[in-house]
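> Predicted model and sequence below, questions to follow.
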Amino acid sequence: MVLSKEQQQQQGSVSGTVTTTATVTAASSVLAQETVLSTVDSEAVGDLILGGVGSRLPNRPGNPRSRGSVDDRLISQKLHMEIPIMGQRDVCKVLPSSSSSSEESSEEISDDDLQAEQREDDLIAAANVYDSTGKATYKQACEMYGVVPISYFVRNMNNPELSLMHYGLGPQGAKAIAVSLITNTTVLKMNLKDNWMEAGGAKAIAEMLKENCYITDVDLSDNQLGTDGARAISTMLIENTILSRIALSGNHFDDHAATYLAEAITNSLKLHFLDLSHNKISNTLGNELGMAIGENTGLQELNLSWNCLRGKGCIGIAEGLRDNVYLRVLDLSYNGFGNEGAKALGEALKVNNVLEHLNISNNRISVEGAVLLSLGLRGNATVVDLNMARNPMQSAGCYAILKAVKDNAKSAIKSLDFSDITVNNDFADLFNSVKEQVPNLEVKHERNLDQFKKPRSKADPLTKLKEYMKENQLQAEHFLDAFDLVENRPIRLRKFQEGLKNARVPLNDMEQQKLMELLDKEKDGEIDLGALNEMLLSDKSPS
């Protein structure tokens, strides 16, 4: 059929529109794939990280679309930005259509791009087919990120608890695990300690925890997360409403990282346990941490041991403890609270009526600091366990703390730890007095050996042997029957020792040796039982 020139132009316009639509659709597909599979620290994709199509169950709580999902509005926005370059190559090139009759340009895709797209299509297809464990997604993610799959992880993805300590995951391995756990509904507790994940791995895990609404307990200790990792984790803690326990020990968090962590402590409502031990948080951020502790309304256990807290920072944390009404366990050991910090803690204990366990061991607290702290214990009714071990507070400091417990009729103290601190007789007398008032009280301390050692018996072994025979009404001949000898022959020392054992004589090894040396007058290794019988019948003590 012959068409007029005007009809041909109209048909060409419609064809150009169809071509443009197909081009945009192809670009949208590629962009969606890059969104799911791009690394979490890629600046090109902005906030589109780790989510992906179908990452949220239909019946899961929250917004109808998961973070990072690909919907029409999101694609349109990216297309309007002319689709940024992904990585170091052009994924696709789309030229906008013109209302004029100019030629429509088609997209140009290389062979390498097509192969990459095919691999990514397979991973997206696996993600869209809902998998409650994420095994299929994990295997393909490992291929995409260039890491070897961990067989233990694949085998145990159906278990509620996963332990992946010391596997050397690195940032890429952590990303592969994060992708697969977005849709996992069985894992509740995860241990990723010591995997050198760094900030990149931390960002991946953080984004996963924003999406996963089942995991409640995570250990990310000893992973070199640094400041950037702390920022990613802190943002996650503010958004996540499921996670209740997280360990971040040994991650090189300094004062810059503590700024983000303080914000997370302030705003996190669900988190109950936080471990920040073995980091580099100093007194610079102590005030901010103290304010965060005072404003927190959910944290029940906080570990700040083995940091660099000193001076004003310690006072700030103590002031935060005074205002807190939820914290029950606080570990401040191996810092530098000193006497000023001890005084501030004493003031806090006068007001705080929630804290039960306080550890301030190894904090350079002297006798003066212990006395100042004891003033707070006189009015406290909730602290059950107080650890002040290895402080230079001497016996006088221990005495002040114990005296405060005795003088407080409402005291709940059941355990005092003064390990490696030597106490004197005054402390021992006070402790015996307090035991009558608090029978279940346990006190650990370094004893003065000269005061607490048991007095040794001054009786010689032969006298003890006579007393034993007298108590048991044994005659000498009956006692010697235990040696089972023929006539009145000498007995070897070994046989004599066996005879003492058979007769159940209460002599220790040293006393038996001393008795044998006494009886072996000839020093020939034999004992004359006749001489022993004479000694047993004699009333004279051996010389």
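Arrived safely, thanks for sending.
> tell me the contacts of Ser333?
Ser305, Trp306, Asn359, Ile360, Ser361, Asn362, Asn363, Asn387 (Cβ atoms under 8 Å, 6 or more residues apart in numbering). Placement of C-beta: from N, CA and C, glycine included.
> Among those, which ones are in helices?
Using DSSP state H, no member of the contacts of Ser333 falls in helices.
> and the residues you listed as JSON lines, adding pLDDT and neighbour count?
Below are the contacts of Ser333 laid out as JSON lines (pLDDT from 0 to 100; neighbours: other Cβ atoms under 10 Å):
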{"residue": "Ser305", "pLDDT": "97", "neighbour count": "23"}
{"residue": "Trp306", "pLDDT": "97", "neighbour count": "19"}
{"residue": "Asn359", "pLDDT": "98", "neighbour count": "21"}
{"residue": "Ile360", "pLDDT": "98", "neighbour count": "25"}
{"residue": "Ser361", "pLDDT": "98", "neighbour count": "21"}
{"residue": "Asn362", "pLDDT": "97", "neighbour count": "20"}
{"residue": "Asn363", "pLDDT": "97", "neighbour count": "26"}
{"residue": "Asn387", "pLDDT": "98", "neighbour count": "21"}
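> and the two most separated of those?
Across the contacts of Ser333, the longest distance by Cβ to Cβ is 14.3 Å; it joins Trp306 and Asn387.
> Tell me where the stretch 201-350 of the chain has strands.
Secondary structure of the stretch 201-350 of the chain by DSSP state E, counting those that start in this stretch: the strands cover 217-219, 245-247, 273-275, 301-303, 329-331.
> Ile177 is nearest to which of those strands?
Closest to Ile177 of the strands of the stretch 201-350 of the chain is strand 217-219 (Cβ to Cβ; 11.8 Å).
> helices or strands next to the closest one in the packing?
Other elements packing on strand 217-219 under the criterion 3 or more Cβ pairs under 8 Å, 6 or more residues apart in numbering; DSSP states H and E are strand 189-191, strand 245-247.
> helices and strands around the last one, which ones?
So the one you mean is strand 245-247. strand 217-219, strand 273-275.
> coming back round to it: relative to Leu441, which of the contacts of Ser333 is nearest.
Asn387 (14.4 Å).
> Tell me what that closest one is bridged to.
Assessed by DSSP bridges, Asn387 has beta-bridge partners Asn359, Asp417.
> So which of the contacts of Ser333 is the closest to Asn339?
Checking the contacts of Ser333 against Asn339 with Cβ to Cβ, the nearest one is Asn363 at 9.7 Å.
> who's in contact with that closest one?
Neighbouring residues of Asn363 by Cβ under 8 Å, 6+ apart: Leu332, Ser333, Tyr334, Asn335, Gly336, Phe337, Gly338, Gly341, Ala342, Asn391.
> can you check Leu321 too?
Leu321 sits next to Gly290, Ile293, Gly294, Leu327, Leu330, Leu345, Ala348, Asn352, Leu355 when contact means Cβ under 8 Å, 6+ apart.
> residue boundaries of the helices in the stretch 101-250 of the chain?
All helices of the stretch 101-250 of the chain, identified by DSSP state H, counting those that start in this stretch, fall at 111-128, 135-145, 151-155, 170-181, 198-211, 226-239.
> now swap in the stretch 251-400 of the chain and tell me
Using DSSP H, counting those that start in this stretch, helices in the stretch 251-400 of the chain cover 255-267, 286-295, 311-323, 338-351, 367-377, 394-407.
> helices or strands next to the last one in the packing?
Helix 394-407 is packed against helix 367-377, strand 415-422, helix 425-437, with contacts defined by 3+ Cβ pairs under 8 Å, 6+ apart.
> Rank the helices and strands of this structure by mean pLDDT and give me the bottom one.
Taking mean pLDDT, DSSP states H and E as the measure, the chain has helix 72-80 as its least confident helix or strand, at a mean of 35.
> Check the gap between Leu507 and Leu500 for me.
Distance of Leu507 to Leu500, computed by Cβ to Cβ, to the nearest Å: 6 Å.
> okay, and the common contacts of those two?
In contact with both Leu507 and Leu500: Leu515, using Cβ under 8 Å, 6+ apart.
> okay, the helices and strands packed on helix 394-407 in a markdown table with mean neighbour count and distance to Leu518 next?
Output for the helices and strands packed on helix 394-407, formatted as a markdown table (neighbours: other Cβ atoms under 10 Å; distance: least, Cβ to Cβ, whole Å):
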| stretch | mean neighbour count | distance to Leu518 |
| --- | --- | --- |
| helix 367-377 | 22 | 52 |
| strand 415-422 | 18 | 39 |
| helix 425-437 | 14 | 38 |
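> Lowest average confidence across those, which one?
Of all those, helix 425-437 carries the lowest average pLDDT, namely a mean of 92.
> Just the CA coordinates for it, please, in PDB.
Provided in PDB are the C-alpha atoms of helix 425-437 (Å, rounded to 0.1, in the frame of the first residue of the first chain):
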ATOM      1  CA  ASN A 425      43.100  -6.800 110.800                       C
ATOM      2  CA  ASP A 426      40.800  -3.800 111.200                       C
ATOM      3  CA  PHE A 427      39.200  -4.700 107.900                       C
ATOM      4  CA  ALA A 428      38.900  -8.400 108.900                       C
ATOM      5  CA  ASP A 429      37.200  -7.400 112.200                       C
ATOM      6  CA  LEU A 430      34.700  -5.100 110.300                       C
ATOM      7  CA  PHE A 431      34.000  -7.800 107.800                       C
ATOM      8  CA  ASN A 432      33.100 -10.300 110.500                       C
ATOM      9  CA  SER A 433      30.800  -7.700 112.000                       C
ATOM     10  CA  VAL A 434      29.100  -7.000 108.700                       C
ATOM     11  CA  LYS A 435      28.600 -10.700 108.000                       C
ATOM     12  CA  GLU A 436      26.300 -10.800 111.000                       C
ATOM     13  CA  GLN A 437      24.200  -8.100 109.400                       C
END
